[in-house]
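1. Pasting the sequence and the predicted model now:
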Amino acid sequence: MRSHLESLPVVRRGAAALGIVVASLVSLSAPPASRPAFAQGADVVAVPEPDTSYRAGEPETLVLGLGLEQAKQLGVAHSPRTRGALASLRRARGLRMTQAGAFDPVLFAANERISTDSPVASPFAASELRVRSLSAGASWLSPIGTAITLGVVQNRTESNAPFTTLPRERRAHARLDLVQPLLRGFGPAATWGELRATEHELEAARLQLAAARLDVDSDVENAYWELYAAERNLEVQRLLRQRAAIFLRQQMLRGRAGAVGPGTVAIARTFMADQEAFLLDTQLRLGDASDRLAEVMGVAPDRVARYHSLDVPPPPGSIEPLEVVLERALQTNGALQAAAEEVRASEARWRRAARNAWPSIDAFGGYGGSGLAGTGRRIVFGSDTTGADFDTDFGEAWDQVFGDDHPDWSFGVRVDVPIGWRSDRGERERRLGEMERERETLRARQLALATAVRDVHREVDQSHRQLQVMNELRAAAEEQARIARLEFQAGRTTTYEVVNLEADLARAEFRVSEVLVRVARARTELRRLTTPISRRTER
């Protein structure tokens, strides 16, 4: 985090005043040429001289200069919203892999040794048994629900039974088993339903990540312009406080000279205190705006510093017709596309539940073969001799298996019908309700998006007109203040009127800045709602 912040310029705010009031401050330094005495010899309350400097002893604050693009990059990299969306994407990817893994072929193998020594009570029984078993195979679940298992086994058994003609047996066995659902669990809708749902959820997570990045980008820009407005507001309020201090000092000097009465000084003191209070409020709002920007970006400066905006709002540009903007928003809005993917996921789960609401009827069967080899011997039992001396390996046993010398097969049908049949039908109704709820949620988002686009488009269009009005107001205020300064020098107006007109001019300038910020915010919101989002946005 610190590496990002250290690359930003650190700026100390100066005491620069706006150029529009320089002439007025010069003119306020001298009293009118001729003025009749209002209250000669009246008592004036003794008050300390006000500080007429621009900063008035205000301590300098360490600020961190930040451009708009730098703020956006920090927001995308550090915002909890984008990081949370990335974690949701990782989770959706893991769920999809989990469901897809159920359809991956599975290989299995085992190697087992068994050694058994048992007491015997019969001369025909074996007291020692040694078995080594090797098995391997594969299983797979097909897209239509067919469960296929292929397995091979070979066993070597050694026994010390006294009357066995095959003390060392070598057996081989291979078998292919199938289980095919006929109703419940049959078809891609039933088998792949959850997998398809997680695929739609994965796509929704991708879109939500892209939408989150766009949202953070827009939120950072809006917070950035709020910080810009708060700083401009602070500059204007400093000028107003300075004008109030100059006005109070002039009235105090005139009161000492007997030109004005104590009431005029009291009015000046009230005006000064009012502007001081507004200045403190403005400083608090500036700190809040800096903290808001830090919160949106997910990274804050040092505790002793605050952010400072280096860029200014862009000028207003052209705007597309409402029909074009609205159509593009409904087609390309990322949040709306993500909601549509959630609807598709719920539809896949409902189709799966609807298919699995049928009774379970499974056809199953298998085919295989066996082979036998080993080490034989002759056994004399009374006057009879049985068995033969030979030694064959597993190759002989496997030849018998694949030669179909000893086949075995099975086939059957299994039916499972639950009494009451409520569980599966209840799951189908639950999924149907979720699907209908997601559809209505999507429709509500479409309506909300259309309303938001209309509101923002209307605000952008009206802000253009407001900016024109504010420019005219500023021009009129400048002309009015210019005339007031000339009349003040000629003694035809009061200092209070001049200060008020200068304050009106400063407020007009600030209102122009506010409208510029409003236009920038409206265009940012319009871009948030209508920017096309790539359907493969990943990190």
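-> Received the coordinates, thanks.

2. what residues are up against the residue nearest to Leu166 when sequence neighbours are not counted?
-> Closest residue to Leu166 apart from its sequence neighbours, by Cβ to Cβ, 6 or more residues apart in numbering: Gly374 at 4.9 Å. Backbone N, C-alpha and C define where each C-beta goes, glycine included. Each residue near Gly374 by Cβ atoms under 8 Å, 6 or more residues apart in numbering is listed here: 166-170, 391-392.

3. Buried ones in stretch 452-461, by neighbour count?
-> Using 16 or more other Cβ atoms under 10 Å as the test for burial, stretch 452-461 gives 452-453, 456-457, 459-460.

4. quick revisit: let's have the contacts of Gly374 in TSV, adding neighbour count.
-> As requested, these are exported to TSV (neighbours: other Cβ atoms under 10 Å):
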residue	neighbour count
Leu166	17
Pro167	17
Arg168	16
Glu169	18
Arg170	22
Asp391	12
Thr392	15
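
5. Among these, which ones are in strands?
-> When the contacts of Gly374 are checked against strands (DSSP state E), the matches are 168-170, 391.

6. pLDDT wise, what is Glu496 at?
-> One thing to correct before we go on: residue 496 is Tyr, not Glu. Looking at Tyr496, its pLDDT stands at 66.

7. Tell me where the stretch 301-450 of the chain has helices.
-> 322-332, 334-355, 394-402, 423-489 (DSSP state H, counting those that start in this stretch).

8. where do the strands sit along this structure?
-> All strands of the chain, identified by DSSP E, fall at 10-12, 62-66, 106-117, 128-141, 147-159, 168-181, 305-309, 360-376, 379-381, 384-386, 390-391, 407-416.

9. Include pLDDT and distance to Leu432 when you put the buried residues of stretch 452-461 into a markdown table, please.
-> Output for the buried residues of stretch 452-461, formatted as a markdown table (pLDDT from 0 to 100; distance: Cβ to Cβ, whole Å):
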| residue | pLDDT | distance to Leu432 |
| --- | --- | --- |
| Ala452 | 92 | 30 |
| Val453 | 92 | 32 |
| Val456 | 89 | 36 |
| His457 | 89 | 38 |
| Glu459 | 84 | 41 |
| Val460 | 83 | 42 |
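
10. Just put these in TSV and tack on distance to Leu89.
-> Output for these, formatted as TSV (distance: Cβ to Cβ, whole Å):
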residue	distance to Leu89
Ala452	25
Val453	27
Val456	28
His457	32
Glu459	33
Val460	33
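
11. and which of these is nearest to Ser122?
-> Within those, proximity to Ser122 (Cβ to Cβ) peaks at Ala452, which comes in at 90.2 Å.

12. Next up, the contacts around the residue lying closest to that closest one once chain neighbours are set aside.
-> In space, not counting the residues next to it along the chain, Ala452 is nearest to Leu529; the distance is 6.0 Å by Cβ to Cβ, 6+ apart. Leu529 sits next to 329, 333, 449, 452-453, 456 when contact means Cβ under 8 Å, 6+ apart.

13. which two from these end up farthest apart in space?
-> Taking Cβ to Cβ, no two of the contacts of Leu529 sit farther apart than Asn333 and Val456, at 12.5 Å.

14. Kindly state the pLDDT recorded for Ile20?
-> Reported pLDDT for Ile20: 30.

15. close enough to count as contact, His200 and Ala338?
-> No: the pair His200 / Ala338 is not scored as a contact, 10.0 Å apart, by Cβ atoms under 8 Å.

16. residues touching Leu183, list them.
-> Contacts of Leu183 (Cβ under 8 Å, 6+ apart): 358-361.

17. what two of the ones in strands among the contacts of Gly374 are the furthest from one another?
-> Of all pairs in the ones in strands among the contacts of Gly374, the most separated under Cβ to Cβ is Glu169 and Asp391 at 12.0 Å.

18. Can you flag the buried ones in the contacts of Leu183?
-> Judged by 16+ other Cβ under 10 Å, buried ones among the contacts of Leu183: 358, 360-361.

19. Val469: which of those is nearest?
-> Distance ranking of those against Val469, using Cβ to Cβ, places Trp358 first at 69.6 Å.

20. residue contacts, that closest one?
-> With Cβ under 8 Å, 6+ apart, Trp358 has these contacts: 183-184, 424.

21. Equivalent analysis for Thr524, please.
-> 218, 221-222, 225 are the contacts of Thr524 under Cβ under 8 Å, 6+ apart.

22. In helices, which of the residues you listed appear?
-> Here DSSP state H is the test, and the contacts of Thr524 give 218, 221-222, 225 as lying in helices.

23. that older thread, quick check, pLDDT for the residue nearest to Leu166.
-> pLDDT recorded at Gly374 is 90.

24. Also Arg437?
-> 94.

25. Tell me, how many residues neighbour it?
-> 12 (other Cβ atoms under 10 Å).

26. and the residue nearest to it when sequence neighbours are not counted, how far is that from Gly185?
-> Nearest residue to Arg437 in three dimensions, chain neighbours excluded: Ser346, at 7.9 Å (Cβ to Cβ, 6+ apart). Here Ser346 is placed at a distance of 20 Å from Gly185 (Cβ to Cβ, to the nearest Å).
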